[in-house]
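Chemist: build me a model:
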Amino acid sequence: MKGKYRFCFCSSPSKLDPNPVYLKMVRLPAKFKMKKSHQKKLLCRVESEVCFGDHNEKDTNPSEIDSLPLDLKMAILTRLPAKSLTNLKHVSKMWSSIIRSRGFIDYFFSVSSTRSRFIVALSNGLFNKPEEKLIFLFSFSHEGDNSSLLANFVIAIPSVSFSSSSGSCESVHGFLSVTAEFRQVICNPSTEEVIKLPVNTRFVGYDPIDDQHKALLVQSINHSDHLEHKVLTLGGGGQGWRHIEGTTAPYSPISVGVCIDGFVYYGAYSPNRPINPVMVCFEVRSEKISFIKAPEDVVHWGNEAIFIEYKGKLASIVRFPFGRFHSFDLWILEDVEKHEWSKQTCVFPSSVWDDVGDIKMSFPGTNKAGEIIMAPKLLSLDVRPFYIFYYNVETTNVRRIRLLGIGDDEEFRRSSGFVDKGECHVRIAPQHVESIAHFKDPII
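Modeler: This is a model prediction of the structure:
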């Protein structure tokens with residue numbers, strides 16, 4: 001594994017607002033064009049200052065970098081890792097003003113979206129002492145057709161853990177929404193910021209129009225069928241939690257949610273099981289809630305129900321969740337307005353279980369190619385390779401990918417508390433895009 005462990009403790013979020021810097025991309029005048037070798041030299045110079053604090057008066061001429069056009073500076077910066085950019089903000093006011101600007105944050109996210117990664121979250125035991133509980137986050141590349149990938153340690157979130165009945169990890173426009181011990185933890189791995197939200201905070205969504213992340217809290221009113229809904233905007237300028245007025249008929253939420261293109265979807269019955277299975281649709285921008293009729297199959301397994309984005313649409317993976325299975329049903333919401341769903345049965349080879357044993361299988365989502373990801377929900381008790389699988393719906397082919405440095409690393413297991421400390425639960429967030437955006441003054 002690359003890197004040493006860095007423990008990310010919850011602290012007050014950054015109060016730095018983006019500085020207004022005009023970042024229109026223009027064609028470089030001829031006098032500013034330079035050879036690739038010189039661009040590489042400048043990049044290495046910047047990286048050296050960021051990573052090692054090197055500054056040699058004879059070798060470094062600040063005016064040379066300062067005089068570069070803004071878009072060339074941006075091109076240099078976008079080639080740096082997100083965490084290096086965080087450090088670079090402290091090197092000079094010039095770099096700081098660019099990196100903190102809204103324009104550069106959006107530009108960096110756009111560039112990062114072409115090289116998305118997936119995050120693997122491991123928890124070191126629900127029955128550990130509170131001060132010993134940790135969720136470790138690792139990053140892997142989706143790129144290429146490699147049969148093995150090397151883990152890159154990111155951060156560790158303290159004092160929380162997954163369990164067999166709860167826990168999820170979802171990437172929501174640069175942030176991670178981690179559900180652990182029935183509460184939401186919002187994390188940006190790139191800036192190492194973490195916010196723990198109140199109990200009963202169920203879902204996190206992103207509004208691409210107003211560029212806002214919002215958390216949705218859902219709780220029963222006096223133990224009745226009626227639910228109270230509250231919304232928190234991360235970066236809401238001090239608004240704090242606010243009630244959603246005029247919500248719909250009573251319903252019982254029964255599953256985790258998924259955010260797709262500005263909408264958060266989660267399974268429910270209205271009002272109670274087994275009457276009227278539905279998908280609840282929370283529009284992040286308008287903060288309105290509506291219902292979509294759903295097949296009984298997609299919500300039947302309650303908290304074990306699986307919802308993912310599949311080729312831009314809401315989809316559900318239906319399988320027997322408590323043992324081995326050799327096929328699953330892929331339900332796709334084809335028409336939101338007409339509430340029309342399609343169904344396809346997908347079969348995969350029984351040999352997949354040779355690498356998994358009797359461990360439950362999860363379906364965290366898809367890669368960029370549209371292949372469905374299948375992964376064990378636990379690390380095996382013995383030291384052995386850890387595999388995930390890519391399933392192609394059109395061809396029914398299955399690819400096996402080994403994640404190095406997790407299941408097969410005895411020293412990592414021992415130092416992380418995975419030995420004689422109970423089960424190690426695994427959750428995966430596919431297609432995570434790095435972001436250098438900060439939480440801005442959410443009042444929790």
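
Chemist: closest to the centroid, which residue in the chain?
Modeler: residue 171 (1.9 Å; C-alpha atoms, centre = their mean).

Chemist: roughly how far apart are it and residue 390?
Modeler: Distance, residue 171 to residue 390, by C-beta to C-beta, to the nearest Å: 17 Å. Every residue, glycine included, has its C-beta placed from N, CA and C.

Chemist: off-centre distance for stretch 111-121?
Modeler: Relative to its chain's centre, stretch 111-121 lies at 9 Å (C-alpha atoms, centre = their mean, to the nearest Å).

Chemist: what's the end-to-end length of it?
Modeler: 24 Å (C-alpha to C-alpha, to the nearest Å).

Chemist: same thing with stretch 258-278?
Modeler: Separation of the first and last residues of stretch 258-278 by C-alpha to C-alpha is 15 Å.

Chemist: quick one, strands of the stretch 201-350 of the chain?
Modeler: In the stretch 201-350 of the chain, the strands defined using DSSP state E, counting those that start in this stretch lie at 201-207, 212-220, 227-234, 242-243, 252-260, 263-269, 277-283, 288-293, 306-310, 313-318, 327-335, 340-347.

Chemist: in its sheet, what does the fifth one sit against?
Modeler: Looking back up the chat, that one is strand 252-260. In the sheet, strand 252-260 lines up against strand 263-269 (antiparallel) (DSSP bridges).

Chemist: show me what the residue lying closest to residue 356 once chain neighbours are set aside is bridged to.
Modeler: In space, and not counting its chain neighbours, residue 356 is closest to residue 376: 5.1 Å by C-beta to C-beta, 6 or more residues apart in numbering. Beta-bridge partners recorded for residue 376 (DSSP bridges): residue 361.

Chemist: who are the contact partners of residue 376?
Modeler: By C-beta atoms under 8 Å, 6 or more residues apart in numbering, residue 376 lies in contact with 356, 359, 360, 361, 362, 386, 387, 388, 426.

Chemist: so which of those residues is the closest to residue 210?
Modeler: Closest approach between the contacts of residue 376 and residue 210, by C-beta to C-beta: residue 362, at 32.1 Å.

Chemist: separation between that closest one and residue 304?
Modeler: For residue 362 relative to residue 304 (C-beta to C-beta), the value is 10 Å.

Chemist: who's more crowded, the two?
Modeler: residue 362 (22 against 16; other C-beta atoms under 10 Å).

Chemist: read off the pLDDT value for the closest residue to that one other than its chain neighbours.
Modeler: Distance criterion C-beta to C-beta, 6+ apart; nearest residue to residue 362, sequence neighbours excluded, is residue 377 at 4.8 Å. According to the prediction, residue 377 has pLDDT 94.

Chemist: next one: phi and psi at residue 377?
Modeler: Torsion angles at residue 377 (phi, psi; degrees, to the nearest 10) stand at phi -90, psi 0.

Chemist: then residue 71?
Modeler: Torsion angles at residue 71 (phi, psi; degrees, to the nearest 10) stand at phi -70, psi -30.

Chemist: burial measure for it, as a count.
Modeler: 16.

Chemist: distance of it relative to residue 111?
Modeler: Taken as C-beta to C-beta, the span from residue 71 to residue 111 is 12 Å.

Chemist: likewise residue 316?
Modeler: Using C-beta to C-beta, residue 316 is found at 33 Å from residue 111.

Chemist: who has more neighbours, the two?
Modeler: Just comparing residue 316 and residue 111: by other C-beta under 10 Å the higher neighbour count belongs to residue 316, 29 against 16.

Chemist: per-residue pLDDT of that one, please?
Modeler: 98.

Chemist: can you give me the strands for the stretch 51-200 of the chain?
Modeler: So, for the stretch 51-200 of the chain - with DSSP E, counting those that start in this stretch - the strands run 117-123, 134-141, 148-150, 152-158, 168-172, 175-180, 183-188, 193-199.

Chemist: off-centre distance for the shortest one?
Modeler: Taking C-alpha atoms, centre = their mean, one finds the center of strand 148-150 at 19 Å from the center of the full chain.

Chemist: pLDDT on it, on average?
Modeler: 91.

Chemist: what's the burial count for residue 210?
Modeler: Residue 210, neighbours per other C-beta under 10 Å, totals 11.
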